[in-house]
Structure formats: C-alpha cells, structure tokens
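Peer 1: All I have is the shape, not the residue letters:
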C-alpha cells in the first residue's frame, strides 16, 4: 500500500510543441511516486497534441492516475479549475508545459508540508533560463538568474510581503494543500495572469513555507505571458478594481503597492514614453549613460540637471554635454523637488534603489 500522500499535478499546454516533451520527461522522472497527472491540451494549433499522444502510454504506466483532456481553447485558469475539481490528491500542483521540474521537486515540497503541518502552501527556489529553442536541462545554470535573485522569500504569514514581490513570486515551485481551494476558492477565470491573485487571496488565510532548495526552471521565451503587455497590464488593473470594490485591501498601502506594480509593468513592457508624466517644475535627472540612454534620450523634453550612474569610472565625467554624478547626489534634494527618468536596461535594480531611498514610482521617478 502506498503511504505517500497523493499529489495531483495539473498541466495546461497551449502551442508548446517545442517544450512539452522535456516538461513531461521532468515530471516522469520525479523521485516522488504517488502522482495523479491531469494534462490538458488547450486547443493548440501546433503539434502539441501529437507530441502528447506520443507519451500517452508512458504516462499511463508511470502515474498512479492519468487523464488527458484535449479540448478547445478556454485559457489556463479554466483548465486549472477543471483539474482541481477532478483532483483526488491531498496536494495540488499546477504547472506550465514549457517549464521544468528537478527530479526531487515534488518530494521536497511534500516533505516540507508533511513535516510542518501548520503550513498549507510550500514554495521554493529555482532558475530563470532564456531558452527559445534549446532544452532547459542542457543549459549552464551557473550563468542563470535564480528566482531568489529577484526577490526575498520568507515563510509564515506572507500577505504583506507579497505586495512587495508579487510579479517575482516563484510560481513554478508552488505546492498547495487541496483544502486551500475548497476553503478559499479557485483561480479567477477573468484574469490571464491568474497566479498573483490566487497568492494574495490564499495568503490572507494560509501560511506559506519557503524552502531554499532549487526545484524548478522557468523557461523565458518571447511568448511568456509575463512579457505580453495586454495580459500583464489588464490583469493588474482588474485586480486593483476587484479588490477596491470588494474591500479586499487591508490597508491603503497595499493598494498603493499594487498600483506601483501597475506603473512598473507599463514602464517595462510598453514602448518608452514620458509625455504623459506630470513633472511640473521639478528638477529632472536622467539615470543612464549607455547605449539605451543614447537611443532614447530624444524622448526627454525637459531640461536635464545632470546624468546619474553608479559606475564610479563614469562619475564626474561628461555625457552628452552634462555632468555625470553618483545617484547619492540626488539624496541632497527634497524628494518633492526631483524627478528621475530612468534610461537604463537595469530597471529592476534602479527602481529598487530609488524605492529604498524613499522615492516613489510615478511621483519621483519613472
């Protein structure tokens, strides 16, 4: 008799003919044995369905239970919800068909929750890997960014903390107790970036357990939902509207942080444009002295006080007729007097530095 708790693994695939085989291989190679696999092909227009059929007999043999659903396109949230309703496991893991699980991933996550009964959800670390046409397992991970390189992860009641790290949550690693869905609801099918909303809702009621282990690889490619402006922006806008109407926000600060992520998303994903900003009479500084700045400086219509760069070799040199100074120089000004236009590819790091120093996105920098 199998003493391992059953884990229901739900995978939704859409136009992932290049990736689905490696994903399924990583699932089949799990050291954890008692897995129910519910696999969807969500109306793919490529050969995803045919690739899955090639694995079907192996999947039936490998897993405790296996169901393949080849259906019309309805979106990942709809598929996950169908799968959750079908699932018989104590634990549920949803997963994308272009990503990869290390062989001990499910074992580590299940053991974490089994050993810590006060926690309902486990998550862990892993790697972002840009691989449009290559196999993830063949990439040199020592050169890749870890999930924890983008955000600080903690255990416990993480609701407040989530507002600071939301788009950088390691979604590809998360394992839920099924009872979370029974108590707090399913994925919101009106949101195309479904994970962020789920974590915020669940974290109000459930404790998250963070494991420092590497358990997954998230494949970066041009068709990631996180790179598509209309998906990311509309999802965050709907979340703000939904939470405002339902009085979900526990504080005004939570709402402001989500609004900041909306501005950040627009800044990163949309074509660069400063014309809509209300800078007024504030002193304008430009952070950046590289090729990206040179190629986009024409978008700045304001008089520039000086350029900013943290590279000490560039400090006190001249760039495009203006002096370059270290970012610490702007701390000599009142925040209400300044506006920083970021013309650098290191947006995450610069925004984090500005936020840490009390400056506000949209109000003091963009």
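Peer 2: Great, that's in hand. Computed from a predicted model, the values in this text were never measured in an experiment. Residues are numbered from 1 along each chain as shown.
Peer 1: Residue 68 is in contact with residue 58, isn't it?
Peer 2: No: using Cβ atoms under 8 Å, residue 68 makes no contact with residue 58, being 12.0 Å away. For glycine as for every other residue, the C-beta is placed from the backbone atoms N, C-alpha and C.
Peer 1: With neighbour numbers in mind, choose between those two.
Peer 2: Legend: neighbour count by other Cβ atoms under 10 Å for residue 68 and residue 58, higher for residue 68 (17 against 13).
Peer 1: Can you classify the nearest residue to that one once chain neighbours are set aside by secondary structure?
Peer 2: Once flanking residues are discounted, residue 68 sits nearest to residue 39: 5.0 Å by Cβ to Cβ, 6 or more residues apart in numbering. Classification of residue 39 by DSSP: H, G, I helix; E, B strand; the rest coil places it in strand.
Peer 1: now residue 307: how far from residue 361?
Peer 2: To residue 361, residue 307 is 20 Å away according to Cβ to Cβ, to the nearest Å.
Peer 1: Those two: which has the busier surroundings?
Peer 2: When neighbours are counted by other Cβ under 10 Å, residue 307 comes out ahead of the other of residue 307 and residue 361, with 24 against 20.
Peer 1: The more buried one - that's part of a strand, no?
Peer 2: Yes: assessed with three-state DSSP, residue 307 lies in a strand.
Peer 1: wait, the residue nearest to residue 68 sits on residue 71?
Peer 2: No: under the criterion of Cβ under 8 Å, residue 39 makes no contact with residue 71, lying 11.1 Å away.
Peer 1: Comparing the two, which residue is more hemmed in?
Peer 2: residue 39 (27 against 12).
Peer 1: tell me the contacts of the more buried one?
Peer 2: With contacts defined as Cβ atoms under 8 Å, 6 or more residues apart in numbering, the neighbours of residue 39 are 10-11, 13, 52, 59, 66-69.
Peer 1: Need the overlap of contacts for residue 68 and residue 58.
Peer 2: Common contact partners of residue 68 and residue 58 (Cβ under 8 Å, 6+ apart): none.
Peer 1: pLDDT score for the residue nearest to residue 68?
Peer 2: Model confidence at residue 39, given as pLDDT, is 98.
Peer 1: what does residue 267 give?
Peer 2: 84.
Peer 1: sec struct for it, please.
Peer 2: Strictly by three-state DSSP, residue 267 counts as helix.
Peer 1: What is the helix or strand harbouring residue 201 packed up against?
Peer 2: Assigning secondary structure by DSSP states H and E places residue 201 in helix 194-203. Judged by 3 or more Cβ pairs under 8 Å, 6 or more residues apart in numbering; DSSP states H and E, the packing partners of helix 194-203 are helix 76-86, helix 159-165, helix 178-184, helix 229-245.
Peer 1: Residue 364 contacts residue 335, doesn't it?
Peer 2: Yes: Residue 364 lies in contact with residue 335 (Cβ under 8 Å); the separation is 5.5 Å.
Peer 1: Give me the more crowded residue out of the two.
Peer 2: Comparing residue 364 with residue 335 by other Cβ under 10 Å, the one with more neighbours is residue 364, at 20 against 17.
Peer 1: before we move on, back to that, tell me which residues are up against the helix holding residue 201.
Peer 2: By Cβ under 8 Å, 6+ apart, the residues outside helix 194-203 that reach it are 76-77, 80, 120-121, 157-159, 162-163, 166-167, 169, 171, 174, 176, 180, 184-185, 187-188, 191, 235-236, 239, 242-243, 248.
Peer 1: From those, list the buried ones, please.
Peer 2: The neighbour count (16 or more other Cβ atoms under 10 Å) marks 76-77, 80, 120-121, 158-159, 162-163, 166-167, 169, 171, 174, 176, 180, 184, 187-188, 191, 235-236, 239, 243, 248 as buried among the contacts of helix 194-203.
Peer 1: residues of stretch 237-257 that come out buried?
Peer 2: Judged by neighbour count using 16+ other Cβ under 10 Å, the buried positions of stretch 237-257 are 238-240, 243, 248-249, 254-255, 257.
Peer 1: Kindly report the same for stretch 268-287.
Peer 2: Applying 16+ other Cβ under 10 Å to stretch 268-287 flags 268, 274, 277, 282-287 as buried.
Peer 1: thinking again about what came up before, quick one: mean pLDDT over the helix holding residue 201.
Peer 2: Computed over helix 194-203, the mean pLDDT rounds to 96.
Peer 1: Can you tell me which helices and strands the top strand by length along the chain packs against?
Peer 2: Counting residues, the longest strand found in the chain (DSSP state E) is strand 208-220. In terms of contacts (3+ Cβ pairs under 8 Å, 6+ apart), strand 208-220 is packed against strand 100-101, helix 105-115, strand 121-130.
Peer 1: How about residues contacting the shortest one?
Peer 2: So that's strand 100-101. Contacts for strand 100-101 (Cβ under 8 Å, 6+ apart): 22-23, 26-27, 30, 95, 136-137, 215-217, 219.
Peer 1: Can you give the strand pairings for it, parallel or anti for each?
Peer 2: Strand 100-101 has its sheet partners listed here by DSSP bridges as strand 208-220 (antiparallel).
Peer 1: Now do the partner strand: distance to the chain's middle.
Peer 2: How far strand 208-220 lies from its chain's middle: 12 Å, per Cα atoms, centre = their mean, to the nearest Å.
Peer 1: now swap in stretch 199-209 and tell me
Peer 2: Averaged C-alpha coordinates place stretch 199-209 at 16 Å from its chain's average position (Cα atoms, centre = their mean).
Peer 1: Any buried residues in stretch 64-76, and which?
Peer 2: So for stretch 64-76, counting by 16+ other Cβ under 10 Å, buried means 64-66, 68, 75-76.
Peer 1: Thank you kindly, that will do.
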